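Student: the sequence isn't on hand, but the structure is:
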């Protein structure tokens with residue numbers, strides 16, 4: 001950990017006794033209320049929304065009130081690193097470390113890397129003088145066509161929640177406020193400002209809310225962003241059930257709620273429901289809100305509470321008394337960390353004939369071909385875009401690993417016959433294809449731009465063809481049977497060239513696992529009819545219910561192209577010795593259950609394996625998928641060595657959402673404990689009897 005990271009963490013350790021934190025929070029609350037009592041109504045309204053000043057390039061900015069010592073709050077975007085921040089033309093966006101895409105981070109299945117990812121994001125956001133970073137984006141990948149799938153953590157609520165908690169802890173360890181988003185079910189870009197998502201109560205609580213719940217209850221996110229869409233007829237930012245009943249009353253949220261940019265659609269309903277800060281400007285929380293207070297439609301006490309929540313949170317993070325100022329970003333240090341994280345999230349999907357890893361110096365000529373090989377693919381488009389401090393392009397990275405005397409040639413693939421001729425003359429052909437997904441629009445699942453034809457032509461020209469995908473979500477692969485090797489690199493960030501080369505040449509064992517299912521055809525998707533997606537007459541019906549992602553494929557017995565949790569390695573692993581601490585528990589009080597297993601590296605090289613725990617809940621009470629992810633852990637194991645893994649699960653892992661009681665419930669029946677390397681490779685199984 002770097003010195004700038006360690007300095008703040010030491011301070012946290014010194015002051016973090018439970019009683020000290022409570023007392024400190026009370027002091028901050030009292031101090032915030034004392035400040036608010038001194039504010040005029042006009043000043044209060046000024047602090048409830050952002051401002052935009054194009055002449056000065058100001059955006060994502062809440063102004064200060066110097067007479068009361070209230071500092072400005074500068075905000076930056078940040079799912080993939082310190083983003084645009086409070087900059088608009090004529091001010092240029094400040095460069096930062098372009099981290100690998102969050103979907104790649106999810107592919108690491110590694111909480112410690114998510115924490116480090118968050119720490120880099122938080123520290124660099126603070127280095128750029130911001131107090132709040134709009135991250136992480138944890139919306140469930142309901143449809144892979146979503147233009148922002150690359151910004152999130154995939155299709156499973158447990159995986160997304162665990163990665164989010166670690167990311168938030170990393171961000172907030174740097175004295176900057178995390179802003180978990182987009183609450184809730186911001187699952188498509190098509191008609192995102194107006195779409196009404198019809199979601200039943202059970203599905204909402206089992207699929208779309210759990211990652212947010214974990215972010216609040218376990219990650220203690222200091223703020224939350226309400227999303228654009230409607231949920232069951234009510235806009236998220238004026239949804240009293242979601243913002244007050246669930247977020248505050250059920251989860252105990254103590255932070256403040258910001259709006260997505262332009263997501264507030266009303267004044268009084270949004271203010272009463274729980275929005276504390278309208279962004280980017282005060283369209284509804286400006287003059288209209290002041291008038292609503294003066295006429296008694298919105299109590300002044302409600303306004304005061306909004307300000308207290310934000311000021312108190314800013315005090316707790318130290319940015320009220322010590323607003324962040326600009327500092328140099330440690331470019332090389334953070335770049336090296338970004339590279340290491342990215343390498344752990346690359347997923348090896350196919351490796352017929354053990355073509356990989358390549359051996360340095362073993363080939364005379366390596367042809368690098370394709371549109372995604374021309375430059376580093378640092379990330380997707382939209383508000384999460386990071387201007388990189390530097391980049392490493394693929395050809396440079398491969399040349400650095402290929403060895404002396406190896407000729408590395410390049411063609412962008414626009415002229416397919418020419419590219420095929422280049423591939424034919426090489427010992428190995430590496431074709432890099434993909435697409436740049438972006439906020440604001442959804443996308444088809446085919447590669448487009450004749451990239452499928454390019455892959456087919458290269459594979460026909462050279463039997464040692466390696467396909468490297470750089471995508472933000474699953475894609476269809478009509479050529480899958482014609483190529484021996486497929487590597488999903490996602491968006492690797494600024495170190496793209498080094499990341500891909502390190503994996504190709506075996507400097508790093510590929511250990512990434514898919515956080516999302518890759519379908520064989522578009523008709524295999526859980527939401528594959530227009531009424532489900534993109535919706536009809538402005539309504540998207542979530543009629544698939546809880547059967548999202550692998551839950552749907554398993555229930556329907558559909559064979560995916562590549563299943564959830566899947567990823568190959570350059571070594572092999574064997575699972576054994578599953579034990580469950582109790583073979584029978586009570587539904588009323590199941591207590592804590594300990595599950596243990598061994599994983600042995602049965603190959604010849606060191607490698608990392610993700611041990612995945614699934615629970616099969618019997619479908620007697622409600623329809624259930626065959627299994628659900630309830631635990632995971634990544635272990636590094638040397639050849640011939642064995643790692644022991646241990647999971648602790650409680651009632652929540654065995655529960656379903658009871659719509660009559662409006663709460664979690666454990667049903668009696670015979671459950672199944674499953675452990676293995678993916679959702680479709682679970683060699684260890686053990687029954688668990690749950691009695692009344």
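Tutor: That came through fine. These numbers come from a predicted model, not from an experiment.

Student: show me what counts as buried in the helix or strand hosting residue 103.
Tutor: Here residue 103, judged by DSSP states H and E, is contained in helix 102-108. Neighbour-count burial for helix 102-108 flags 102-108 (criterion: 16 or more other C-beta atoms under 10 Å). (C-beta placed from N, C-alpha, C; glycine too.)

Student: what about residue 31, how many neighbours?
Tutor: 15 (other C-beta atoms under 10 Å).

Student: if you could redo that for residue 476, that was the one I meant.
Tutor: Look at residue 476: counted by other C-beta under 10 Å, it has 18 neighbours.

Student: surely residue 656 and residue 664 touch.
Tutor: Yes. Counting by C-beta atoms under 8 Å, residue 656 does reach residue 664; the two are 7.4 Å apart.

Student: more neighbours, the two?
Tutor: More neighbours surround residue 656 than the other of residue 656 and residue 664, with 20 against 14 (other C-beta under 10 Å).

Student: can I assume the more buried one sits in a helix?
Tutor: No. Counting by DSSP: H, G, I helix; E, B strand; the rest coil, residue 656 is not found in a helix; it is strand.

Student: so who does the closest residue to it other than its chain neighbours touch?
Tutor: Closest residue to residue 656 apart from its sequence neighbours, by C-beta to C-beta, 6 or more residues apart in numbering: residue 622 at 5.5 Å. Applying C-beta atoms under 8 Å, 6 or more residues apart in numbering to residue 622 gives the contacts 202, 656, 667.

Student: so for residue 622, what's the pLDDT?
Tutor: We have a pLDDT of 96 for residue 622.

Student: check the gap between it and residue 199 for me.
Tutor: According to C-beta to C-beta, to the nearest Å, residue 622 stands 16 Å off from residue 199.

Student: in space, what's closest to residue 544 - neighbours in sequence excluded?
Tutor: residue 526 (4.4 Å).

Student: again, but for residue 325
Tutor: In space, residue 325 is closest to residue 129, 5.6 Å off (C-beta to C-beta, 6+ apart).

Student: all strands of the stretch 551-692 of the chain, in order?
Tutor: Under the criterion DSSP state E, counting those that start in this stretch, strands of the stretch 551-692 of the chain are mapped to 573-580, 584-586, 593-601, 607-616, 628-637, 642-649, 655-658, 663-666, 669-676, 684-691.

Student: buried stuff in the fourth one?
Tutor: For strand 607-616, the buried set under the neighbour-count rule, 16+ other C-beta under 10 Å, comprises 607-616.

Student: same for that strand, what does it pack against?
Tutor: strand 573-580, strand 593-601, strand 628-637, strand 642-649, strand 669-676 (3 or more C-beta pairs under 8 Å, 6 or more residues apart in numbering; DSSP states H and E).

Student: the first one - which strands sit beside it in the sheet, and in what orientation?
Tutor: With DSSP bridges as the test, strand 573-580 is paired with strand 593-601 (antiparallel).

Student: quick one: work out the angle between the partner strand and strand 669-676.
Tutor: Calculated by axes from the mean of the first three to the mean of the last three C-alpha atoms, to 10 degrees, strand 593-601 forms an angle of 30 degrees with strand 669-676.

Student: count of neighbours near the residue lying closest to residue 594 once chain neighbours are set aside?
Tutor: With sequence-adjacent residues excluded and distances taken as C-beta to C-beta, 6+ apart, residue 594 is closest to residue 581, at 3.9 Å. By the measure other C-beta under 10 Å, the count of residues near residue 581 is 13.

Student: surely residue 581 is in contact with residue 593?
Tutor: Yes. If you go by C-beta under 8 Å, residue 581 and residue 593 touch, sitting 5.7 Å apart.
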